[in-house]
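[1] predicted model and sequence follow; I will ask about them next.
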Amino acid sequence: MGQAQERAGTGGHETPGPRGGTGGDTDGADGRSGTALELLVHGVGGTTPADMLDDPRTVRITGDHIAAVFRRTEDADAESRPEDYRGRPVPEAYVWCNLTSGNGTRALWLLLLPFMVVNLAHWMRPTAHDRIRTVRLYGLLVRLAGLTLTVLLVAAACEVALDLVAWQCAGTRACAERHSWLGFLSPVVSDGGWWSPPGRRLALAAAVPAALTGLLWYLSLRTWRAYESQQPMDRETDAEEDPGHTALGRPGFWYGRRLVARLRAAHTAAGLLTVAAAVGTPAARFDRRPGGPTLLDTLGWTLVGALAAGAVAVVAVVCRRGRSENRLDRQLDERLVRLLPLAALALFVLALLYGGWARPAWTSGGRLPGDMTFGGIALVQGLLVVALAVVAHQLHRSRPDARAAIRGLGGPAVAMLACALGGVMSGGVAQRVSDWMDGTGTFLEGPPVLLTWQASIIPPLLVVVALLCAALARHTLRLARAERDAVERDHPGETGDTGRTRRIALTRAMATLTDRAPFLVAITSATTLLLGAGALVGALATDQVPGEAARGTYAVVQGAAQTAQELGSWLIGLGFILFVTWGRRAYKDASARRSIGILWDVGTFWPRAAHPFAPPCYAERAVPDLTWRMATWTRATGGRLVISGHSQGSVLAAAASWQLEPSARRRVALLTYGSPLERLYGRWFPAHFGPAALASLHEEVDCWRNLYRRTDPIGGPMRLPGDSGPAVDRAPLKDPLTYGRTELHPLPAPILGHSDYQADPAFAEERGRLLARLRPEVPAPRHTEGPAPVPAADDGPGDC
C-alpha cells in the first residue's frame, strides 16, 4: 500500500504535515494550519480501516503491516488544503489488531496463559501513597510466583518425558513392547543396548523439557525485539506533573526492555536447572548408596551444590528491583543476560554427562525419585499467595478505595488462579500421557500422587462455581423483572410490547454481571486455595491416590473420593483435549486466531513485569505509536486533536494522553465510548486507573466526554467525584434507539449493547462539541468563558 503524502516529523518519525512548516494556506502567523484531527482507535477484536473511516478507499499514512495510521484517500494530503477542512476534522484510524492476532505462531501463546494471568496480578496492587517498600515487596512476591510457574511447567515436561516415558515405560518390558518406538531404550527389548541404562535414558529424554525451555526463550526474545524494543518519546518529567496519581505518565513506563531481558535470563536458567536436577539428582541419590564409587559420589555432591548455587543466583536476579519508570532505561545487563543462561546450560550439559555415566547395578523401578517436587512447588505457591494477600491488605488499608475489586485483594486472587491454571495444565498433560502409555493402569505407577489429588479437587470446585452461577442467574432474572418498568419509563408514549420490553430488560440485567465478577473470582480463588491445601495435605499424609486413601472409611466418603478421582481425571483430560484442539484450530484458522486475539487484547495490555514468558505487551508498541502521532501533529499544525477510543481503544487513548507533555496534553480532547476505564480497569487496577488517576486525566486534557449504555456489559461511566462526573459522563444512551416502529425507523431497532456507538446521534453531537471547543490558539482555562461557547445539550452539561 502506498505511503500517501508522507512528511518528516519530529524525532525522525514520518507524519503528515505542512511542507517545511509553511506550505499551503495557513491560519496563523507561524505558518501552522490549525487543521483539526480526529484520531480513531478501535477496540477488542479489531476492525478494518474501511469500516472505521466508512470509506472503502483508504491509504496508509504511517506505520507498517502490524500497526498503522490510515486515512481516506481523499484526505491523504489534507495538510496542503486546510481551507477544505475549516468546518470538519481530518479523520484518521489507528489499526492495531495485528499486534494481538497475526500469523499462526500466535496459537503457541495458549501455552503462556498462566504466565499472562500472573503478570496481570502484578498490576492489580491497591493504591498506595508513601509505601515504597511495601509496593516493592508486592512486586517481588508476584515475580517469585511467576518463577514458580516456569519451574512447574518445565517440571511437568520432565515428569512426562523423563519419568513416565524414559524411566517407567522404557524400564517396563510390557510397556516397551506395547510402544515399539521405545524398544531401543528398554534393557530387555534392546538386549542391553547403549541407551538402555537409566541414566542415559534420562539424558536422552531431557531433550524434551530442554527444548521447551528453549522455545519459551525464543518466543520471549522474538517478541522482546518486536515490542519491548519500541522506544517511547524521550521527555523530561515536567515539574507541574503530579506522579502520585498514576505511573502511566512516567517516561519509562512503556519501556520494559531491561527488566524483561533480565527476567528472561533468570527464567531460562531456572528451566535449564530444573531439567539438570531431574537428570542429575536420581543418579546422585543412587551413588550415595553404601559401597558406591567415591568419585561419582563426590561428583554428585558437587553437582547438587552447583545446582543449589545456580538456584540461589536465579532467585537473587528475580529479587532485584523491578522496573525503572521515571526515565527511559536504555541500559542492558548484558553480562548477566548472557552469562546466567550459559552457566545454567553448562550445568545442564554436566548433569547429562554425570547422569549418563555407566552404572551397571542401576535399574529403574516405580516412580522416578524426586516426585515430591510438585508438592514443594504447590507449597511455595500457596505461601506466596497468602503473603501477597497480607501485603495487598496492608496497602489497601493505607488508602482505602471502595470501588477496588475484592477490597484490594484482586491481585492475590488472580495470582492464585494463575497457579491453579498452571497446575491443571501440568496435571492434564501428565495424566493424558500416562493414560496413553498405560491405558489399563497395570504397567506403570503413573504420575505423582499429588497430581491425582489436584485433579480430584476439580469436581468440587466446579460444583462451587455452578452454585455461584446459579445464584448470579437468579439475581439477574430478579433484576430483569425490576428493569421492565424502567424500560417503559425510558420510552414514554410508545405502544408497549411485552416481549421487547423483556428482551431489553434482560440485556440490561445481564450487562450488570460484569460488576459481579469480583465476587465470583474471590469465591473461586478462596475455594481453590482451600481445596489445594487439602490436596497437598492428603498427598503428603497418605502417599496414595484419593480412592485408595479413602479405603476403610465410611462408604459415602470412599464413594465420593473415588468419584472425584475418576471424574477429575476425565475432566482434566477433556480440558487438555479441548486446549490442544483450540490451539490447532487457531494455528490454521485466522478467525479462531482472532478470537484468541480478543483474549490477548485484554490480558496483554500490561508490560511483562512479572513473567518474561507471558505474551508480549502490545501497548508497548501501541501507546508510543499514538503518543508520537499526537505529539507530532500538535507541534506541526498548532493543535486541535480529538482522540476517539472505543472499548479497549479508550484505554490506549488514555494511556497515550498521559504520555504527552502537559502542554500537548492540554491541546487534546478525549472522546470515549463503551469504555472499560473505570468499570474494569479502575476496579481491578486501582493503582493505575483509580479515581485519582482518572480525575487527573480529566483535569489535564482540554476536555473529556464519555458515552455508555446500560445494555453495555463492558463500558460504563467514569464516576469521577464532584462536578467532574457530570462534566465527563453523558447520561446513558438509549438502547435501542427507538422502542417501536417510527417514520425514521420503520423496522425494529436492534439492541446494540457494546457496539455501533457511532450510530447514535449523541456521538456526532459530542464530537462536534469537542471540536468546537478546541481552537488553534492556546485553549481557554476551564470553567471560564472561552472564545467558542459550547452549545448546551438536552441531557447533560456541556462544560468539560
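    Noted; the coordinates are in hand. This one's a predicted model, so the numbers in the text were calculated from it and none came from an experiment. Numbering: from 1, shown residues only.
[2] got the phi/psi numbers for residue 178?
    In this entry, residue 178 is assigned phi and psi values of phi -70, psi -30 (degrees, to the nearest 10).
[3] how many other residues sit next to it?
    15 (other Cβ atoms under 10 Å). All C-beta spots, glycine's among them, are computed from the backbone N, C-alpha and C.
[4] so what's the nearest residue to it once chain neighbours are set aside scoring on pLDDT?
    Residue nearest to residue 178 in three dimensions, not counting chain neighbours: residue 443, with 7.6 Å by Cβ to Cβ, 6 or more residues apart in numbering. pLDDT, residue 443: 78.
[5] need the three-state assignment for residue 443.
    Assigned by DSSP: H, G, I helix; E, B strand; the rest coil, the conformation of residue 443 is coil.
[6] equivalent analysis for residue 315, please.
    Assignment for residue 315 (three-state DSSP): helix.
[7] from residue 386, how far off is it?
    19 Å (Cβ to Cβ, to the nearest Å).
[8] can you pull out the strands in the stretch 1-150 of the chain?
    Taking DSSP state E, counting those that start in this stretch, the strands of the stretch 1-150 of the chain run over residues 37-41, 58-63, 68-72, 90-95.
[9] so which of the ones you listed is nearest residue 506?
    strand 37-41 (31.0 Å; Cβ to Cβ).
[10] only alpha carbons, please: show that closest one as PDB.
    Extracted in PDB, the C-alpha atoms of strand 37-41 (Å, rounded to 0.1, in the frame of the first residue of the first chain):
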ATOM      1  CA  LEU A  37      -7.600  15.900  13.500                       C
ATOM      2  CA  GLU A  38      -9.900  13.100  14.700                       C
ATOM      3  CA  LEU A  39      -7.800  10.100  15.600                       C
ATOM      4  CA  LEU A  40     -10.000   6.900  15.900                       C
ATOM      5  CA  VAL A  41      -8.800   3.900  17.900                       C
END
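[11] what pLDDT, on average, does that strand get?
    The pLDDT scores in strand 37-41 average 93.
[12] what does stretch 608-616 give?
    92.
[13] need the helices for the stretch 601-750 of the chain, in chain order.
    619-637, 648-659, 662-665, 683-684, 686-689, 691-700, 724-728 (DSSP state H, counting those that start in this stretch).
[14] quick one, which of the ones you listed is packed in tightest?
    When the helices of the stretch 601-750 of the chain are scored by mean count of other Cβ atoms under 10 Å, the highest mean neighbour count falls to helix 648-659 (a mean of 26).
[15] elements contacting it?
    strand 37-41, helix 619-637, strand 641-646, strand 668-673, helix 691-700 (3 or more Cβ pairs under 8 Å, 6 or more residues apart in numbering; DSSP states H and E).
[16] what number of residues lie near residue 130?
    9.
[17] distance of it from residue 629?
    36 Å.
[18] same list (the helices of the stretch 601-750 of the chain) but as JSON lines, adding distance to residue 229 and mean pLDDT.
    As requested, the helices of the stretch 601-750 of the chain are exported to JSON lines (distance: least, Cβ to Cβ, whole Å; pLDDT from 0 to 100):
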{"stretch": "helix 619-637", "distance to residue 229": "9", "mean pLDDT": "89"}
{"stretch": "helix 648-659", "distance to residue 229": "17", "mean pLDDT": "95"}
{"stretch": "helix 662-665", "distance to residue 229": "25", "mean pLDDT": "88"}
{"stretch": "helix 683-684", "distance to residue 229": "28", "mean pLDDT": "95"}
{"stretch": "helix 686-689", "distance to residue 229": "23", "mean pLDDT": "94"}
{"stretch": "helix 691-700", "distance to residue 229": "27", "mean pLDDT": "92"}
{"stretch": "helix 724-728", "distance to residue 229": "36", "mean pLDDT": "81"}
